[in-house]
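Visitor: here you go, sequence then predicted model.
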Amino acid sequence: QVQLIESGGGLVQAGGSLRLSCAASGGTFSSYNMGWFRQAPGKEREFVGATTRSGGRTYYADAVKGRFTISRDNAKNAVYLQMNSLNSEDTAVYYCAAALVSTGVILTRDLQYHYWGQGTQVTVSS
């Protein structure tokens, strides 16, 4: 099974940028569809974006579309979340997740993912 470790979170001012990384180990990374989710205090975990096994397709939640970008480097066993124009509503713990699927579909529901990282905190100050 794959293990996931997120990094890159921190405190940033509104309007700023952060790049989250998710390093995978223990599996064939290119076999996994990858997703990013987040959970703000007192709220349910929500979908942020996802990419297919090759990285050829991406999909984003409306709340982050145009501001966040997912990329992956299968040679480095890593997936990234570039976050621009951050605002206070982006404050949350961000999780990467992996799904072992046989087709290159975009998965948007957390129950569809099999493996999760421990999360990294992103705090946006206004």
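Guide: Cool, the structure landed.
Visitor: against residue 7, how distant is the residue most central in space within the chain?
Guide: The centre of the chain sits closest to residue 36, judged by C-alpha atoms, centre = their mean, with a distance of 2.3 Å. In this view, residue 36 and residue 7 are 13 Å apart by C-beta to C-beta, to the nearest Å. Placement of C-beta: from N, CA and C, glycine included.
Visitor: kindly report the same for residue 15.
Guide: For residue 15, the distance to residue 7 - C-beta to C-beta - is 22 Å.
Visitor: do residue 82 as well
Guide: Taking C-beta to C-beta, one finds residue 82 at 14 Å from residue 7.
Visitor: give me the low-pLDDT residue ranges for the chain?
Guide: Within the chain, the set of residues satisfying pLDDT under 70 is empty.
Visitor: so where do the helices sit in it?
Guide: All residues of the chain lie outside helices when identified by DSSP state H.
Visitor: how about the strands in this protein?
Guide: For the chain, the strands defined by DSSP state E occupy 3-7, 10-13, 18-25, 32-39, 46-51, 58-60, 68-73, 78-83, 92-100, 115-116, 120-125.
Visitor: before we move on, the earlier item: ok, now which ones touch the residue nearest to the centre of the chain?
Guide: The contact partners of residue 36, by C-beta atoms under 8 Å, 6 or more residues apart in numbering, come to 20, 22, 48-50, 68, 70, 79, 81, 94-97.
Visitor: many thanks, I have nothing further to ask.
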